[in-house]
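**Q** What follows is a predicted protein model with its sequence.
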Amino acid sequence: MHRNKLRIIRKQYGYTYQMMADKLGITKSYYWQIENGKRGLSYEQAVQISSIFSKTPDEIFLPDYIK
């Protein structure tokens, strides 16, 4: 997963770790772990995250060279 892309998009939207955690119904620590590669995420979480940014999971979580 390309978490750097997730971090970049989150910052472009001006969202903090806490804001994302609140939107997803998880703790700030849990979200931080997802974004920093310390914890995996389910397909459902990938869909939730991508919908916050009006993107598809592929746009966020797949490397550009695969698309």
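**A** Nice, thanks for sending it over.

**Q** can you give me the helices in this protein?
**A** 3-12, 17-24, 28-35, 43-52, 57-61 (DSSP state H).

**Q** Dump those into CSV; add mean neighbour count and mean pLDDT as well.
**A** Using the backbone N, CA and C atoms, a C-beta is placed for each residue, glycine as well. Listed next are those as CSV, based on neighbours: other CB atoms under 10 Å; pLDDT from 0 to 100:
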stretch, mean neighbour count, mean pLDDT
helix 3-12, 14, 90
helix 17-24, 16, 97
helix 28-35, 18, 96
helix 43-52, 15, 96
helix 57-61, 16, 91
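
**Q** Please name the residues that touch S42.
**A** Neighbour list for S42: empty [criterion: CB atoms under 8 Å, 6 or more residues apart in numbering].

**Q** at 10 Å what do you get?
**A** Q48 (CB atoms under 10 Å, 6 or more residues apart in numbering).

**Q** Likewise for E59?
**A** 5, 9, 50, 53, 67.

**Q** One more: M20?
**A** By CB under 10 Å, 6+ apart, M20 lies in contact with 6, 10, 13, 26, 28, 31-32, 34-35, 48-49, 52.
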